[in-house]
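A.B. asks: Pasted the sequence and its predicted model underneath.
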Amino acid sequence: MIDDVVTVLLNRLEYPEETIREVTMQITGKEGNMLFDGFVEAVKEERRIQREEGREEGRAETLNEVLELLKQGYRAEELEAKLSAKVELRGIKPDAQMN
């Protein structure tokens, strides 16, 4: 069981798989299959996908907001001011939004 705990810890610290195997072999004294080999990578990939989906949703919301403000007659300067204020309230630097 201790080898599983060490494996998870080293995976979270993003050590190379080969290093993790070597450490696990030293702990157990044998070659063994590691319970969580693919689990940590799968979790990391799922989190990456969820972050990207969140970014896409945020972009869509911003686009919808801009379109609605344009329909209401806002000019470019007013849009910029309104959106900059919104970004600042979220604690995000405006330049980071341009990516």
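C.D. replies: Now that the structure is in, tell me what you want to look at. This one's a predicted model, so the numbers in the text were calculated from it and none came from an experiment.

A.B. asks: Residue ranges in this structure under the pLDDT threshold?
C.D. replies: Residue ranges of the chain with pLDDT under 70: 1, 29-39, 89-99.

A.B. asks: ranges for the helices of it?
C.D. replies: In the chain, helices defined by DSSP state H lie at 2-12, 17-28, 39-71, 76-89, listed in chain order.

A.B. asks: May I see the buried residues of the first one?
C.D. replies: Of the residues in helix 2-12, 3, 6-8, 10-11 count as buried by neighbour count, 16 or more other CB atoms under 10 Å. Every C-beta, even on glycine, is put in place using the N, C-alpha and C of the backbone.

A.B. asks: Is it possible to get CSV of those residues that adds distance to Lys86?
C.D. replies: Shown next, in CSV, are the buried residues of helix 2-12 (distance: CB to CB, whole Å):
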residue, distance to Lys86
Asp3, 49
Val6, 45
Thr7, 44
Val8, 40
Leu10, 41
Asn11, 38
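
A.B. asks: now, the most widely separated pair of those?
C.D. replies: The most widely separated members of these, counting by CB to CB, are Asp3 and Asn11 (12.3 Å).

A.B. asks: who touches stretch 62-77?
C.D. replies: Under the contact criterion CB atoms under 8 Å, 6 or more residues apart in numbering, stretch 62-77 has outside partners 78-79, 82-83.

A.B. asks: Pull the most distant pair out of these.
C.D. replies: Between any two of the contacts of stretch 62-77 (CB to CB), the greatest distance is 9.6 Å, for Glu78 and Leu83.
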